Each structure stands twice: as C-alpha cells, then as structure tokens.
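Enquirer: Provided below are the primary sequence and the corresponding predicted coordinates.
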Amino acid sequence: MTASETRKTKRQDNLSSDTDSKTEKSWSFWTVFSSTFLTIFLAEMGDKTQLATLLMSAESQSPWVVFAGAAMALIATSLLGVLIGYWLARRLSPKTLDIAVALLLLVITGLLVGDVLNS
Amino acid sequence: MDWQLLGLSFITVFLAEIGDKSQLAAIALGGSSKSPRAVFFGSITALILASFLGVIAGGTIAQFLPTKVLKAMAAIGFAMMALRLLWPELDED
C-alpha cells in the first residue's frame, strides 16, 4: 500500500466500502491526466523552455531536430520529477506529505505570479 | 540527422528544466497522486505540446497569446490544489 492509498483509506474509514470505490473512480487516470496536463500546459506557455525551443528552431535550419531534443529533455525531467515525488511519498507520513506538497504547490504559485508580474 | 543540434537542444532544455516549476509540479503531483503514471503522461503531453507550439509558431506566439492570463490561470489552479491539501474538508460536498 502506498502512502497516498493509506491516506485515502484513513480519510474514508468512516464511509462504506462502496463510497470508497466511488471516490477512487473520481480520481481516475484521466482526471489526474487532464488536471496535470492543463495546469502544466498553462504554466509552461511563454516559459523559458518554450522560448529556448522557439529561438533555437528559428536559428537552425532544422526545427524538428530541436523539437526532438527538447521533447526528450522534457520527458527525462518529468520522469525524474515523478520518481522523486513517488520516492518521497513512500518515506514521509501522509500528513507531512500533504503539507510538503501544499507548500510546494504554493511555491509554484508564487513563481507563476512572479512571472506574470515581471513579464 | 544533425546529432550535434539534437544533443545541444537536449542539454539546453534538460538543464533549464531541472528544478523548474514544471518539474516541481511533477514532484508534488507525482507524490500526492494515486497514479504517478497519469501525472507523468499528463505532464509530458503538456510540455511537448507547449514546445511544439514554440517550434511551429516561431516568433509570433508571444504577440498572439496572452501568456500572462494563461499563467495567472495556472497559478490559481496550483493555489487551489494547495488549499485543498491543507484543508481536506473543503473537498467534501
């Protein structure tokens, strides 16, 4: 059982098992996929990676090579990020994890607000 | 295939993204979510689409898309996720 599973169970231990499966369903693959997609996509628009890709592809004669290189780099950094998150999740208590994740999300919010104000 | 250009763009983007907010988001969402795989696929789709737009749009994208508005919306999204984690009661209907 992962830490987040334990946490979910703890929160719902007073509910019946059939509400439990319902809640699990609402956090399905596609819910997580689309919320991650939307927030990260919006956050990355006009970000330095996009600008770097844009400039490098404009400079070089082969934009698709630049695109392939950038795509591989982004896959690698996301994979690292998810693995680090998963590793941390198994080592921290659910409560600590909740607070740490919330603080991290607030840091991201702060970085984005900084971007908006500075651009 | 221009391997030097491929390597150059890989290294540039890789170094720029280490510790960047999208990687922090992947750490946060991947740790708190029940399906880290969905977070991984969601984030790579978003990142690849964003850099694809960068490649096809050339220099014009900054003029047409109000990136400030998009980023402000993303900031609201992340803030809401954080609040939901800090006060789980808000989540219950």
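Expert: Thanks, I have it. Keep in mind that what you see is a predicted model, and the values were worked out from it rather than measured.
Enquirer: and residue 81, how many neighbours does it have?
Expert: Using chain A. By other Cβ atoms under 10 Å in any protein chain shown, the residues close to A:G81 number 28. Where you see a C-beta, it was placed from the backbone N, CA and C, and this is true even at glycine.
Enquirer: to clarify, I was referring to chain B.
Expert: Number of residues near B:M81 (other Cβ under 10 Å) recorded here: 23.
Enquirer: repeat that for A:S93.
Expert: 11.
Enquirer: please apply the same query to A:D115.
Expert: 20.
Enquirer: and the helix or strand containing it, is it in reach of chain B?
Expert: Per DSSP states H and E, A:D115 falls inside helix A:94-118. Yes. Counting by Cβ under 8 Å from any Cβ of the partner chain, chain B has neighbours in helix A:94-118: A:97-99, A:101-109, A:111-113, A:115-116.
Enquirer: may I see the ChimeraX selection of the buried members of these?
Expert: Applying 16 or more other Cβ atoms under 10 Å in any protein chain shown to the residues of helix A:94-118 next to chain B, the buried members can be selected in ChimeraX as follows:
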select /A:97,98,101,102,104,105,106,107,108,109,111,112,113,115,116
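Enquirer: picking that back up, I would like the residues contacting the helix holding A:D115, please.
Expert: A:3-4, A:6-7, A:10, A:43, A:46-47, A:88-89, A:92, B:21, B:24-25, B:27-28, B:31-32, B:68, B:71-72, B:74-75, B:78-79, B:81-83, B:85-86, B:88 (Cβ atoms under 8 Å, 6 or more residues apart in numbering or on different chains).
Enquirer: and the average pLDDT for it is what?
Expert: On average, the pLDDT along helix A:94-118 is 91.
Enquirer: what's the answer for stretch B:56-76, then?
Expert: Stretch B:56-76 comes out at a mean pLDDT of 69.
Enquirer: okay, how far is it across that stretch, tip to tip?
Expert: From its first residue to its last, stretch B:56-76 covers 28 Å (Cα to Cα, to the nearest Å).
Enquirer: neighbours around B:G54, how many?
Expert: 28.
Enquirer: A:A71 versus that one, what's the distance?
Expert: Remark: distance between B:G54 and A:A71 (Cβ to Cβ, to the nearest Å) = 11 Å.
Enquirer: so which residue is smack in the middle of chain B?
Expert: Central residue of chain B (Cα atoms, centre = their mean): B:S22, 4.1 Å from the mean position.
Enquirer: next, the contact list for that one, please.
Expert: Applying Cβ under 8 Å, 6+ apart, the residues contacting B:S22 are A:40, A:43-44, A:47, A:49, A:77-78, A:81, B:43, B:46-47.
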